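**Student:** Got a sequence here, can you build the structure:
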Amino acid sequence: MPEYAGDYIFTSAWSGDDSDPEVVYSSTIWQGLPAVKNHRVFKLDPQSSFYNDPVSLEAQLEFFVTSLTK
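**Tutor:** Prediction:
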């Protein structure tokens, strides 16, 4: 993961299985990522980011812009 993670990370708890995302989020690998250390991780609402209709995409874009301009 460290080779692929960027300066900013947008993530979402995955659905469709019964995996616990905290297994990843609490791991030492995750905690060691620069984006995590610099508080540049933004968690998407899985329900809001699932759809790709124009209204949902506009809301997602607003979330991205707001997150990056804080």
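**Student:** Following element in sequence after the lowest-mean-pLDDT helix or strand in the chain, please.
**Tutor:** Lowest by mean pLDDT, DSSP states H and E among the helices and strands of the chain is helix 22-25, with a mean of 88. Moving toward the C-terminus from helix 22-25, the first helix or strand encountered (DSSP states H and E) is helix 28-31.
**Student:** The helix or strand just after that following helix: which residues count as buried?
**Tutor:** For helix 28-31, the succeeding helix or strand toward the C-terminus, using DSSP H and E, is helix 34-37. Neighbour-count burial for helix 34-37, counted by 16 or more other C-beta atoms under 10 Å, picks out residue 35. Backbone N, C-alpha and C define where each C-beta goes, glycine included.
**Student:** contact partners of helix 34-37?
**Tutor:** 5, 6, 7, 8, 9, 30, 31, 40, 41 (C-beta atoms under 8 Å, 6 or more residues apart in numbering).
**Student:** one more time with 7 Å, if that's ok
**Tutor:** Contacts to helix 34-37, defined as C-beta atoms under 7 Å, 6 or more residues apart in numbering, come from residues 5, 6, 7, 8, 9, 30, 41.
**Student:** Now restrict the residues you listed to buried residues only.
**Tutor:** Buried among these (16+ other C-beta under 10 Å): 5, 9, 30, 41.
**Student:** Including secondary structure, pLDDT and distance to residue 58, could those residues go into TSV?
**Tutor:** Compiled in TSV, the buried ones among the contacts of helix 34-37 are given as follows (DSSP: H, G, I helix; E, B strand; the rest coil; pLDDT from 0 to 100; distance: C-beta to C-beta, whole Å):
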residue	secondary structure	pLDDT	distance to residue 58
5	coil	94	27
9	strand	95	22
30	helix	95	30
41	strand	96	23
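**Student:** from the middle of its chain, how far away would the lengthiest helix in the chain be?
**Tutor:** The residue-count maximum for a helix in the chain (DSSP state H) belongs to helix 54-68. Put simply, helix 54-68 sits 13 Å off its chain's centre (C-alpha atoms, centre = their mean, to the nearest Å).
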